[in-house]
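Student: Sequence and predicted model, in that order:
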Amino acid sequence: MDVSPTSILNPFLGPQDPEEAVLEAREAHRYLLAKSYFDTREYDRCAAVFLPPSMSSIPLAPRAPSTSKPKTALQPQKGKETTALFGNKKGGGSTSQNPFPKLSQKSLFLSLYAKYLAGEKRKDEETEMVLGPADGGMTVNRELPGLAQGLEGWFSDRQEKGLEDRGQGWLEYLYGVVLLKAKNEEEAKRWLIKSVHLYPFHWGAWQELNDLLASTDDLKRVVDELPQNIMTLVFHLYSSQELYQATENTHQILTELENFEEASHLFSELLINSPHRLDSLDHYSNILYVMGARPQLAFIAQLATATDKFRPETCCVVGNYYSLKSEHEKAVMYFRRALTLDRNFLSAWTLMGHEYIEMKNTHAAIESYRRAVDVNRKDYRAWYGLGQAYEVLDMSFYALFYYQRAAALRPYDPKMWQAVGSCYAKMGRTEQSIRALKRALAAGSYYDGGGTGLNSFSSAGGGTRLNSKGSGNPKRILDPETLHHIATLYEKLGDEDETAAYMELTLQQETGQTNHDDSDLEGGEGGGPAESRRTSSFTHRDDVEDEAGGTGVTATTSKARLWLARWSLKHDDLDRADQLASELCQDGIEVEEAKALMRDVRSRREADGLQT
């Protein structure tokens with residue numbers, strides 16, 4: 001994450017190192033000059049204020065010839081020497097020397113960070129257009145090897161002098177970022193942890209550390225190594241939400257800090273107090289998109305465009321506005337513009353993938369989602385989008401893999417498990433499909449139950465188009481589509497009792513008059529709901545008056561009613577078959593089939609009467 005280096009003097013750092021204070025006082029006038037260059041984004045000029053011409057990215061002076069290439073942390077390490085970066089190898093001293101002039105840590109960080117950003121800027125300039133033929137991984141930041149070698153030498157020199165614990169946290173942060181860019185994740189994690197210990201109020205270091213956590217187990221391991229202060233609490237909450245851990249503990253921490261349900265109201269107040277602030281405005285636009293608040297979204301799109309039309313946040317806001325209007329081509333244009341300004345702008349990659357799905361451009365959608373996953377592998381929306389794209393291409397095996405990744409990140413979202421179950425069904429793996437769909441029912445009832453505050457963690461804040469909204473109904477109405485799907489799968493297996501039981505459950509969702517047992521929905525092996533539900537008496541829907549807030553008559557429940565009518569006729573339950581067929585005629589759905597059933601019931605009764 002980019003940071004704007006300000007004065008590192010801070011009351012939270014404690015007494016300042018006297019040597020550092022002398023160096024900073026001596027460099028004060030040059031620091032102000034370099035900082036002014038940095039603020040105007042003249043990064044090479046900023047670095048040149050403190051670093052000699054031989055270290056410039058542009059060769060202004062002849063470089064000293066080198067006969068050997070020192071090994072840096074960016075190069076692959078072999079065997080057990082991977083962790084020995086600074087002269088800790090057996091029988092060895094330092095592998096690098098400090099190449100930097102004697103500067104304060106404050107000035108050195110400013111100049112080296114400017115070199116890093118200059119390299120990032122050149123990398124973006126050399127990269128082709130977004131989703132072009134050579135886009136993605138073809139260009140690199142050429143400053144990274146020099147920065148890694150120089151910082152390695154600087155830290156090695158500090159270690160030899162016994163000054164390794166007198167850092168200020170900023171150079172440690174920069175070295176962690178450089179290691180992270182080189183995929184040396186374990187060492188990057190170690191240096192970022194050291195950085196937040198030295199200076200805990202630098203949020204950029206916390207965010208980089210969060211990007212290294214792939215699971216809750218990683219989070220639990222790293223928490224024990226962090227300083228015990230308010231920033232660790234905020235980080236724990238932030239990482240839990242990034243890992244989609246909608247648990248009671250996360251809800252409790254969130255309640256201590258702020259309630260997520262008030263996000264829209266807080267953003268509104270923030271805009272009133274600071275109307276030209278564009279930071280995180282794309283998150284607000286995502287919330288408004290999910291809420292369908294088109295007038296408000298149009299307003300903030302106009303406001304952002306008037307403030308700075310060349311900010312990625314502005315482009316995302318405008319893209320969301322056009323997407324809400326179903327003008328998908330214009331939405332893609334603005335999301336691409338956001339990515340031209342910042343290739344690592346995660347929400348733009350994901351949202352552009354959604355737009356390509358709407359436009360039926362599956363291959364472009366896949367590439368967009370892949371780039372989103374490259375930026376943040378914990379983005380369940382991108383994994384789910386990849387599953388959707390491959391499902392459109394009838395590649396169920398690939399779709400299943402990506403849906404399972406999304407479900408692992410979002411285990412309490414029924415849409416994830418419904419997608420997994422659908423893939424299993426297409427692959428002919430009926431029993432596994434049933435288990436996944438039962439997980440979807442359990443997850444859906446968990447959302448709707450409202451007992452654990454999960455609705456506070458609505459996915460609107462993440463910009464997803466896959467929002468799951470709980471009704472808070474204690475009766476926990478189940479999804480009739482999923483129930484009917486399970487019933488048809490049991491029918492394929494030849495299990496009529498389970499099929500009838502789930503058809504009954506589907507029908508009961510019209511009124512919300514359900515008698516299901518939670519254990520039936522966990523997707524486990526063994527006995528299903530047939531035994532308990534076949535013995536329950538049928539309750540006519542007119543007797544309930546929707547006291548539980550059911551779904552009412554739908555095409556799916558009518559299909560279940562028709563199946564049950566036929567099943568009742570097959571098992572000589574003529575009264576039940578006649579009643580269900582009569583209800584079908586009232587619903588106006590499957591009327592012809594219902595009339596045929598009623599004729600069959602009448603003829604069966606007449607035949608029975610003749611026999612007696």
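Tutor: In hand now; what should we look at? Numbers count the residues shown, from 1 in each chain.
Student: Residue ranges of each domain in the protein, please.
Tutor: Under the assignment automatic domain parsing, the domains of the chain span 11-57+94-239, 244-412, 569-612.
Student: Confidence-wise, which of those is weakest overall?
Tutor: For those, mean pLDDT drops lowest on domain 569-612, to a mean of 80.
Student: related to what we said a few turns ago, among the domains of the chain, which is the most enclosed?
Tutor: For these, ranked by mean neighbour count under the definition mean count of other Cβ atoms under 10 Å, the leader is domain 244-412 at a mean of 19. No exception for glycine: its C-beta is placed from N, CA and C like everyone else's.
Student: Pull the distance from it to the chain's centre.
Tutor: Once both centres are worked out by Cα atoms, centre = their mean, to the nearest Å, domain 244-412 turns out to sit 9 Å from its chain's centre.
Student: and it, how far apart are its ends?
Tutor: Across its full length, domain 244-412 reaches 9 Å between end residues, using Cα to Cα, to the nearest Å.
Student: Endpoints of stretch 157-177, how far apart?
Tutor: The first and last residues of stretch 157-177 sit 20 Å apart, counting by Cα to Cα.
Student: no wait, stretch 196-205
Tutor: 7 Å.
Student: re the thing from before, want to try a markdown table for the domains of the chain, with distance to residue 511 as columns?
Tutor: As requested, those are arranged in a markdown table below (distance: least, Cβ to Cβ, whole Å):
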| stretch | distance to residue 511 |
| --- | --- |
| domain 11-57+94-239 | 40 |
| domain 244-412 | 26 |
| domain 569-612 | 12 |
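Student: Which one of those domains lies nearest to residue 477?
Tutor: With distances scored as Cβ to Cβ, the stretch of the domains of the chain nearest to residue 477 is domain 244-412 (16.8 Å).
Student: my guess is residue 562 meets residue 594, correct?
Tutor: Yes: taking contact to mean Cβ atoms under 8 Å, the distance of 7.2 Å between residue 562 and residue 594 places them in contact.
Student: Please identify every residue contacting each of those two.
Tutor: Listed as contacting both residue 562 and residue 594 by Cβ atoms under 8 Å, 6 or more residues apart in numbering are residue 584.
Student: List the backbone torsions phi and psi for the residue most central in space within the chain.
Tutor: For the chain, the residue whose C-alpha lies nearest the mean C-alpha position (Cα atoms, centre = their mean) is residue 379; its distance is 2.6 Å. When quoted as degrees, to the nearest 10, the phi and psi of residue 379 stand at phi -80, psi 100.
Student: And it, how close does it get to residue 217?
Tutor: Spatial separation of residue 379 from residue 217 under the definition Cβ to Cβ, to the nearest Å is 19 Å.
Student: can you list the residues that contact stretch 344-352?
Tutor: Stretch 344-352 is touched from outside by 282-283, 286, 312, 315-316, 319-320, 323, 331-332, 335-336, 338-339, 342, 368-369, 371-372, 375-376, 379, 381-382, 385, 463, with contacts defined as Cβ under 8 Å, 6+ apart.
Student: I misspoke; the intended subject was stretch 113-120.
Tutor: With contacts defined as Cβ under 8 Å, 6+ apart, stretch 113-120 is touched by 2-3, 5, 34, 37-38, 43-44, 46-47, 51, 57, 141-144, 146-147, 170, 174, 177-178.
Student: got the CA coordinates for that stretch in CSV?
Tutor: C-alpha atoms of stretch 113-120 as CSV (Å, rounded to 0.1, in the frame of the first residue of the first chain):
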residue,chain,number,x,y,z
TYR,A,113,10.4,4.6,-0.9
ALA,A,114,10.6,7.2,-3.7
LYS,A,115,12.8,4.8,-5.7
TYR,A,116,10.3,2.0,-5.1
LEU,A,117,7.4,4.1,-6.3
ALA,A,118,9.4,5.3,-9.3
GLY,A,119,9.9,1.7,-10.3
GLU,A,120,6.2,0.9,-9.9
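Student: What segments of the stretch 1-150 of the chain are helices?
Tutor: Chain-ordered helices for the stretch 1-150 of the chain, with DSSP state H, counting those that start in this stretch as the definition, fall at 18-39, 43-50, 105-126, 144-160.
Student: Please name whichever of those helices is nearest to residue 226.
Tutor: When the helices of the stretch 1-150 of the chain are compared for distance to residue 226 using Cβ to Cβ, the nearest one is helix 144-160, at 21.0 Å.
Student: and the helix or strand following the closest one, what other elements does it pack with?
Tutor: Later in the chain than helix 144-160, the nearest helix or strand by DSSP states H and E is helix 170-181. The criterion is 3 or more Cβ pairs under 8 Å, 6 or more residues apart in numbering; DSSP states H and E, and the helices and strands that helix 170-181 contacts are helix 105-126, helix 144-160, helix 185-198, helix 203-211.
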